[in-house]
Structures are given as structure tokens and as C-alpha cells.
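Engineer: Here is a sequence together with a model predicted from it:
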Amino acid sequence: MRRADRLFQIIQVLRRTRKPLTADAIAAELETSKRTIYRDIASLIEQRVPIRGEAGMGYILEKGFDLPPLMLTPDEIEACVLGAQWVVGHADPALARAAEDLMAKIAETVPDRLRPFVLEPASRARSAWNREPDRIDMVRTRSQIHEGKKITLNYRDEHGRDSERTIWPIAVGYHEAVRLLAAWCELRKDFRSFRTDRVVTAIYHDEKYPERRDLLRARWRRSLVWEAPRDT
């Protein structure tokens, strides 16, 4: 690996973690020596890259530092394209259009030598198969998730039974053929997952739910509700 590429990769490694990383850990990932990492980090600090830490304690990249846009490696381009292909085939129309726009922007922005990784990728995501249609406005639903606002669903379970649920939406899970809306259910006072193709009607409220969004999401992750969606 060229030194310039290695310096870039060190920054990338530090960017994706919030905890200090030791030179040993960085060296192992980049398949180089610890001494080389020490030398490279010293060089980055001299170039005013805001890295804090010291030998033996680990290093961390301060918030607010950013790299020039779209300095992507071939593998990163393939990863973006593969993910965007999957979104085109499995997400709602708004996200699918956004994914197509993303691929077009990457193709227009990357250097000529990297453009084949966008236009002729080695990987390909399978198109959607037998996908159930959403019965809910996914754009508004994602907006409610971001804003921490409640939704009231008229929901029909797998047995055809209707119920009204006021929920605190957390995330949308995109499975192969269905989408699941994970939420806190006020009726059941617990986390539940609702299939978007089983929603009869939805009312979007301006009222925010009382819990901090990050804390609610953390509780949901611990509950593992995504692994066992329930209608009841």
C-alpha cells in the first residue's frame, strides 16, 4: 500500500469508531507494523489532522474533521453501488429514486479510472421478488421517525383482526419481501413490529413522544424485537 493511501486509511479507521484505537489495532487492520503506524500518525498530526492520543493509550479522531468529498477506494465504490442496487429493488419509490441518483452522482464525481466500478460493477444485488406493497406513506413515516412523533395505526394482523395502535416509531426494517416498522406500542406498553403491508390507515400526529429518541432506540436494540416480530 502506498503511504498516501495508508494515511487515508488510518483516518478512515479512526473515523468509524468513537473509542480510542491502539497502534496495534490499526496496524493489524492495515497489515503493517506498529512502528509505521506511529510514524504515520505523527505525520498526520503535523498536517493538522486533529488526532488525539498517545502510544500505548490509543488514538481518536476529533469530531468535525472531514475529508474532501468522494475520496473513495474501488471497494468503497462497489459497496455503495451494491447497497444502492438493493435499495432500488427493495425500498419504497422515494428511496429507490434517491439510490439511483446516488449512483449517478458517484459516476459523475469519481475519476475516470474509477468510473467502471460504478457503471460495470463486479457485484450485483438481486431485484425484488414477490414483494408485498406498502400500505403506509413511507416518506411521512420516515419523517415521523426522524422527528420523534407519534403515529396511530389501524392495523390488521395475520389472522385478519383489526386493532388501533398509537406507536412511537423507531425504524423501518427492509426484508426480502416485506418491510417492518419497529415501534413502542402504547397499547401493549412494549416494543412491537408492524408489517407495512398490513396497515389499513395511518394518522400522523404533530405530538412528540415523551422519551428521548436515542434512549428509546437503545432500549429497542436491547429488546431484540427485530428478531421476533409480533402482531399481538
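Structural biologist: Ah, there it is.

Engineer: and the longest strand anywhere in the chain, what does it pack onto?
Structural biologist: Ranked by residue count, the top strand of the chain under DSSP state E comes out as strand 162-174. Where contact means 3 or more Cβ pairs under 8 Å, 6 or more residues apart in numbering; DSSP states H and E, strand 162-174 is packed against helix 138-147, strand 149-156, strand 179-185, strand 190-195, helix 213-223. No exception for glycine: its C-beta is placed from N, CA and C like everyone else's.

Engineer: What mean pLDDT does the longest one get?
Structural biologist: By that I understand helix 213-223. Averaged across helix 213-223, the pLDDT comes to 92.

Engineer: buried ones in that helix?
Structural biologist: Using 16 or more other Cβ atoms under 10 Å as the test for burial, helix 213-223 gives 216, 220.

Engineer: who's in contact with that helix?
Structural biologist: When contacts are defined by Cβ atoms under 8 Å, 6 or more residues apart in numbering, helix 213-223 is touched by residues 148, 168, 170-171, 182, 184, 190-191, 209.

Engineer: Show me which of these are buried.
Structural biologist: The neighbour count (16+ other Cβ under 10 Å) marks 148, 168, 170, 182, 184, 191, 209 as buried among the contacts of helix 213-223.

Engineer: ok, for the third one, nearest residue in space, not its chain neighbours?
Structural biologist: Using Cβ to Cβ, 6 or more residues apart in numbering and skipping the chain neighbours, the partner closest in space to I170 is A182 (4.7 Å).

Engineer: Verify the stated contact: the one you found with W168.
Structural biologist: No - with contact defined as Cβ atoms under 8 Å, A182 does not count as touching W168 (10.0 Å).

Engineer: Return the closest of the contacts of helix 213-223 with respect to Q9.
Structural biologist: In terms of Cβ to Cβ, no member of the contacts of helix 213-223 lies closer to Q9 than A171, at 30.4 Å.

Engineer: What pLDDT is listed against the closest one?
Structural biologist: We have a pLDDT of 95 for A171.

Engineer: Helix, strand, or coil at G89?
Structural biologist: Here G89 is recorded as helix under DSSP: H, G, I helix; E, B strand; the rest coil.

Engineer: Hmm, it is touching R126, no?
Structural biologist: Yes - the pair G89 and R126 qualifies as a contact (Cβ under 8 Å) at a distance of 7.0 Å.

Engineer: confidence score at the residue nearest to I170?
Structural biologist: On the pLDDT scale, A182 gets 96.

Engineer: so what's it up against?
Structural biologist: If you count contacts by Cβ under 8 Å, 6+ apart, A182 has them with 169-173, 191-193, 220, 225-226.

Engineer: Quick check: bridge partners of it?
Structural biologist: Note on A182: beta-bridge partners by DSSP bridges are A171, S193.

Engineer: returning to that earlier point: tabulate the contacts of A182 (a markdown table), appending distance to V118.
Structural biologist: Converted to a markdown table, the contacts of A182 look like this (distance: Cβ to Cβ, whole Å):
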| residue | distance to V118 |
| --- | --- |
| P169 | 33 |
| I170 | 33 |
| A171 | 28 |
| V172 | 27 |
| G173 | 27 |
| F191 | 39 |
| R192 | 40 |
| S193 | 35 |
| W220 | 35 |
| V225 | 36 |
| W226 | 31 |
